[in-house]
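# only the shape, not the letters, is given here:
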């Protein structure tokens, strides 16, 4: 089925984002270690570590949101959905997925203009000794929000098609 192929491609892509984020987290850990060593033994901190860490953590978090969504790791009321009758639990599941689409769609919508402005105006964050560009952070928020909303959309379509295929199987 075409929907499953699209879902497999999406899952491979968001797994690559997850691995990229994990590698970046490892590099951040090494950067923090290097900064601590420099502060302790040489009494000279590495310039810009604070800005790099603060902005990289946002990128890392957004790189992993779509994967968290794909494995069902986002917070929701499992107890309510499981204890409700089948028809109501299906409606609640679809409502949960629609709210995820809306939430991340609104984040993408709200971050679109600031992302463009950061690129056009060449915005930077920090002070004179070290300045970090804001475009990569804003672009990751925008793009990963779109990817996460798309992942929720795929999950909703797969859930609905699963309900429909179960109904046709029970009728036969």
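Here it is on my side, so go on. Since the structure is predicted, the reported quantities are computational estimates derived from the model, not experimental observations.
# pull the residues that contact stretch 103-110.
65, 141-142, 145-146, 148-149, 152 (C-beta atoms under 8 Å, 6 or more residues apart in numbering). C-beta coordinates here come from the backbone N, C-alpha and C atoms, glycine included.
# any idea which element the spatially most central residue of the chain lies in?
The centre of the chain sits closest to residue 65, judged by C-alpha atoms, centre = their mean, with a distance of 2.5 Å. Assigned by DSSP states H and E, residue 65 falls within helix 49-70.
# in that helix, what's buried?
49, 51-52, 55-56, 59-60, 62-70 (16 or more other C-beta atoms under 10 Å).
# distance between the helix or strand just after that helix and the chain's centre?
Once the chain leaves helix 49-70, the next helix or strand it forms, by DSSP H and E, is helix 78-83. Per C-alpha atoms, centre = their mean, to the nearest Å, the displacement of helix 78-83 from the mean C-alpha position of its chain is 25 Å.
# just the helices in this structure please.
Secondary structure of the chain (DSSP state H): helices at 2-37, 49-70, 78-83, 86-120, 135-171.
# name the helices or strands packed onto the third one?
Yep, that's helix 78-83 we're talking about. If contacts are counted by 3 or more C-beta pairs under 8 Å, 6 or more residues apart in numbering; DSSP states H and E, helix 78-83 sits against helix 86-120.
# what mean pLDDT does the helix it packs on have?
In this model, helix 86-120 has a mean pLDDT of 93.
# now find how far off-centre that helix is within its chain.
On C-alpha atoms, centre = their mean, the centre of helix 86-120 falls 11 Å from the chain's centre.
# list the contacts of stretch 53-69.
Stretch 53-69 is touched from outside by 14-15, 17-18, 20-21, 24-25, 28, 31-32, 74, 100, 104, 125, 132, 134, 136-137, 140-141, 144-145, 147-148, 151-152, 155, with contacts defined as C-beta under 8 Å, 6+ apart.
# gap between residue 7 and residue 166?
In this view, residue 7 and residue 166 are 18 Å apart by C-beta to C-beta, to the nearest Å.
# if you count what's nearby, which of the two comes out ahead?
Higher neighbour count among residue 7 and residue 166: residue 7, with 17 against 10, using other C-beta atoms under 10 Å.
# quick check: the nearest residue to the more buried one once chain neighbours are set aside vs residue 13, distance?
Excluding the flanking residues, the one nearest residue 7 by C-beta to C-beta, 6 or more residues apart in numbering is residue 154, at 5.1 Å. Distance of residue 154 to residue 13, given as C-beta to C-beta: 11 Å.
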